[in-house]
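S.K.: Using only what follows, build the 3D model:
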Amino acid sequence: MLKTPWPDGLRFAFGTLTVLPVPVTRWDRDAARGGMLCAPLAGLVVGGCAALAGVALSALGAGPLPAAVASAAVPAVLTRGLHLDGLADTADGLGSGKPAEDALRIMKQSDIGPFGVITLVLVLLAQVAVLAQAYSDSWGRGALAAVVSATAARLALTLAARAGVPAARPEGLGAAVAGVVPVRAAVVAAVVVTGAAAAGGALTGTYDMVRTAAAVLASLAVAELLLRHCTRRFGGVTGDVFGGLAETAATVSLLVLSLGQ
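M.R.: Alright, predicted model coming up:
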């Protein structure tokens, strides 16, 4: 029977996925399992901080665009930009067209290539544009978009860490969390987060309830496609791939939330 130490799992999630001063006391597979199952909770906290920043600026008289920039910047700050860096490195690796070993070497380099730069610019533009649209509609929808996107991003990590997904390298964060989450537990996490997102959307209307649930499901579907592509190209997942999945899921969820506004 698998044991999941929840206090250690929470510390693992917040200690590895945020800059919050939470010490990681255990670095074994059981703690990693709990940590990846708790990843959406870390996303909820990050999203809540992002929403608070956007709403605070709005309350002080700033327009939708500054509020959107704040809500996009806070997750980057609270993760030291690691997910954005992972997205850029993954784009460079995929865009190189080279064999897996060479692509992984490119991803490990400290610099960012043209594919990474272009991907970062487009993703951040999309996130800010959608958040600005949401805040221009209402503070509530802006805050909801910030929370849902951050939570969906970390839920994508939970699903990517499920059993059967191999690590591309024998070391690093990707190797530490690859395959630690039972498939059934990953599915339960997805159902719970989707239901909670729908409940949050219901606060602003029935259509928002459906759209919010659809945003989470769409983000997971696109992240899954990217995960499978990366697994084929690189032979498994890396920490960079996890970062790329998180930013992809966040962006897709925001784009779906923008539909029909």
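S.K.: Wasn't Thr204 part of a helix?
M.R.: No. Using DSSP: H, G, I helix; E, B strand; the rest coil, the assignment for Thr204 is coil, not a helix.
S.K.: count of residues packed around the closest residue to it other than its chain neighbours?
M.R.: Spatially, and ignoring its direct neighbours in sequence, Thr204 is nearest to Gly140 (5.4 Å; Cβ to Cβ, 6 or more residues apart in numbering). C-beta: built from backbone N, CA, C; applies to glycine. When counting by other Cβ atoms under 10 Å, one arrives at 16 neighbours for Gly140.
S.K.: Isn't Gly140 up against Gly201?
M.R.: No. In terms of Cβ atoms under 8 Å, Gly140 does not count as a neighbour of Gly201; the distance is 10.2 Å.
S.K.: residues of the host helix or strand of Leu227 that come out buried?
M.R.: Leu227 is part of helix 206-234, with elements assigned from DSSP states H and E. The neighbour-count check on helix 206-234 (16 or more other Cβ atoms under 10 Å) flags 208-209, 211-220, 222-223, 226-227, 230-231, 233-234 as buried.
S.K.: Please state the offset of it from the chain centre?
M.R.: Centre-to-centre, helix 206-234 and its host chain are 11 Å apart (Cα atoms, centre = their mean, to the nearest Å).
S.K.: again, but for stretch 237-254
M.R.: 5 Å.
S.K.: Not counting its neighbours along the chain, what's nearest Gly48?
M.R.: Per Cβ to Cβ, 6+ apart, closest to Gly48 is Val147, 6.0 Å.
S.K.: Low-confidence stretches in the stretch 1-150 of the chain?
M.R.: Residue ranges of the stretch 1-150 of the chain with pLDDT under 70: 1-5.
S.K.: need the strands for it, in chain order.
M.R.: Applying DSSP state E, counting those that start in this stretch to the stretch 1-150 of the chain gives no strands.
S.K.: Tell me the spatial nearest neighbour of Ala126, not counting adjacent residues.
M.R.: Thr251 (5.4 Å).
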